[in-house]
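Q: attaching a predicted model along with its sequence, questions to come.
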Amino acid sequence: MTVRIIPATLRDLSYIAANLRPEDRTEIDCQFDEWSPALLALTALQGFAYVAELDGNPEAGFGAAEQRGGLWIAWSWGTRRMKRCVPGITEFFRGVLGPQVAAYGAWRVEARALATNELALRWLGRLGATQRCLLPGYGKNGEDFLLYDWTRKSWNHVPFSKAAAAEAAATDTDHCRQGGAGARSSPSG
């Protein structure tokens, strides 16, 4: 099985969102009053957005978007076949997305996960994120979430000399020079 990471498109993200694995659907359901696959996909296209394809089929979307200067939010969700893409996404996160976000001046990158989503919590730990706190009642029906983050001080897997070259690597992720969907055109920091 071949995993390929490509810049996200509305079509691919809409397909993934329409076919979410149960854990991701539960997590998304409790964060939005109302949502649709197309709306979730459109929201995800802010900042850097990528798709992991498994044998040519889109199975996972992931990325990071700037919330304000220096503060970014990382996200990911996928289909039932996403698990097979996780090693490739992890490698891409460490080698391209992390340095890419750092090159754009991120001081902090946050990720929130439903406290019962054990797969997401384990993966965030493997990605080097630090669990910061419990967010009691964060979900619309009172569900608890956990807040994780990466900061420049804790970002030991992203050497900043490498971050300077991240933009060049990100513009050629699919060898078509499309780069990250919706990303700004030049680093700010």
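A: That came through fine. Predicted, not measured: the structure shown is a model, and the values here were computed from it. Residues are numbered from 1 along each chain as shown.
Q: tell me the contacts of L134?
A: Counting by C-beta atoms under 8 Å, 6 or more residues apart in numbering, L134 makes contact with A115, D144, F145, L146, L147. All C-beta spots, glycine's among them, are computed from the backbone N, C-alpha and C.
Q: what does V86 give?
A: Each residue near V86 by C-beta under 8 Å, 6+ apart is listed here: A60, W123.
Q: let's see the helix or strand that contains it as PDB, backbone CA atoms only.
A: Element membership for V86, per DSSP states H and E: helix 86-92. Taking Å, rounded to 0.1, in the frame of the first residue of the first chain, the C-alpha atoms of helix 86-92 are listed here in PDB:
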ATOM      1  CA  VAL A  86      -0.400   7.600  10.200                       C
ATOM      2  CA  PRO A  87       3.300   6.700   9.700                       C
ATOM      3  CA  GLY A  88       3.400   8.800   6.500                       C
ATOM      4  CA  ILE A  89       1.600  11.700   8.100                       C
ATOM      5  CA  THR A  90       3.900  11.500  11.100                       C
ATOM      6  CA  GLU A  91       7.000  11.600   8.900                       C
ATOM      7  CA  PHE A  92       5.500  14.500   6.900                       C
END
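Q: return the set of buried residues in that helix.
A: Buried residues in helix 86-92, counted by 16 or more other C-beta atoms under 10 Å: V86, G88, I89, F92.
Q: ok, T151 touching V101?
A: No. Contact criterion C-beta atoms under 8 Å: T151 and V101 do not qualify, at 11.8 Å.
Q: overlap in contacts of the two?
A: Common contacts of T151 and V101 (C-beta under 8 Å, 6+ apart): V109.
Q: re earlier: nearest to G47, of the buried residues of helix 86-92?
A: Among the buried residues of helix 86-92, F92 lies closest to G47 (C-beta to C-beta), at 15.1 Å.
Q: okay, that closest one: pLDDT?
A: pLDDT recorded at F92 is 96.
Q: got a list of what A17 touches?
A: Residues in contact with A17 (C-beta under 8 Å, 6+ apart) are S36, P37, A38, L40, A41, A44, G61, W77.
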